[in-house]
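Engineer: Have a look; sequence and predicted model below, questions after that.
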Amino acid sequence: LSIEQYDLTLSFHPSQFVNMGSPRDEVVQNSIDDIRDHLLLSKYLRVGEINIHIGGSYGDKEGAKKRFVKNMLSSFSRDELDLITIENDELNYSFDETLKVCKELGVRLTYDIHHERCFRIGEEIDEERLFLEARKTWENYDYQRLHISSPRDGYITRSKSRPHHDYIAVGDVPKWLIKYPDIHIDIEAKNKEVAIKKLKEELRW
């Protein structure tokens with residue numbers, strides 16, 4: 001069996017302890033070591049992406065972003081950075097803030113729809129526009145990664161809307177996605193493959 005046989009594109013998502021914008025040198029060094037471990041595995045497993053978050057803001061978001069960019073550029077080669085993708089999060093770094101960092105580093109943005117809905121809760125979001133902005137960072141690739149999930153208890157507040165549901169609500173999947181057959185959608189649901197099977201059965205586009 002091979003990933004080519006099943007047309008798979010593998011990806012890694014290191015843990016929340018990877019924080020390249022930390023003000024603590026030991027945290028940054030541990031983060032570098034963790035990413036390097038994933039880079040080594042990627043070489044042999046032919047993984048297409050190592051997806052990370054910018055991390056904490058430490059009461060100084062601009063300072064944290066500058067440290068993140070500086071530490072990434074000083075720690076990894078261009079070839080290594082080409083394997084890195086950065087995902088927007090629900091509490092600290094919005095899509096627009098993450099996109100700016102991605103552009104500074106010349107890396108891809110993995111757009112997480114649920115995270116942006118949490119971050120901008122109660123606001124109208126032009127989600128297809130954000131998708132297309134993220135798409136520009138994938139223009140040298142033949143696919144684009146996207147994350148979709150549903151909140152366990154509905155959209156209430158940023159923090160209370162974070163936990164993932166066991167399944168994906170059909171209404172949480174944007175219908176405009178059908179226009180883009182090259183996207184790879186990560187379904188983030190507690191029931192994993194069972195949730196994917198249920199969603200496929202319920203989608204009637």
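Structural biologist: Ah, there it is.
Engineer: Nearest spatial neighbour of V107, chain-adjacent residues omitted?
Structural biologist: Nearest non-adjacent residue to V107, counting by CB to CB, 6 or more residues apart in numbering: I84, 4.9 Å away. Where you see a C-beta, it was placed from the backbone N, CA and C, and this is true even at glycine.
Engineer: Oops, could you answer that again for E202 instead?
Structural biologist: V170 (5.0 Å).
Engineer: show me the contacts for the one you found.
Structural biologist: By CB atoms under 8 Å, 6 or more residues apart in numbering, the contact set of V170 is L199, E202, L203.
Engineer: ok, it to N88 distance?
Structural biologist: V170 sits 23 Å away from N88, taking CB to CB, to the nearest Å as the criterion.
Engineer: Ok, E128 next?
Structural biologist: E128 is 15 Å from N88, where distance means CB to CB.
Engineer: Do you know the pLDDT at the spatially closest residue to K175 that is not a sequence neighbour?
Structural biologist: In space, and not counting its chain neighbours, K175 is closest to W205: 6.5 Å by CB to CB, 6+ apart. With respect to pLDDT, W205 scores 72.
Engineer: Next: L8.
Structural biologist: If you check L8, the pLDDT there is 84.
Engineer: try S57
Structural biologist: So, for S57, pLDDT stands at 96.
Engineer: just to revisit the earlier point, L203 versus the residue nearest to E202, what's the distance?
Structural biologist: Distance from V170 to L203, by CB to CB: 6 Å.
Engineer: just I52 next, same as before
Structural biologist: Note on I52: its distance to L203, by CB to CB, is 30 Å.
Engineer: Give me the more crowded residue out of these two.
Structural biologist: More crowded of I52 and L203, by other CB atoms under 10 Å: I52, with 26 against 12.
Engineer: wait, what's in contact with the more buried one?
Structural biologist: Contacts of I52 (CB under 8 Å, 6+ apart): H13, P14, V18, M20, I35, I84, T85, I86, E87.
Engineer: quick one, what contacts the last one?
Structural biologist: The reference is to E87. Listed by CB under 8 Å, 6+ apart, the contact partners of E87 are N51, I52, H53, T98, L109, T110, Y111, D112, H115, H147.
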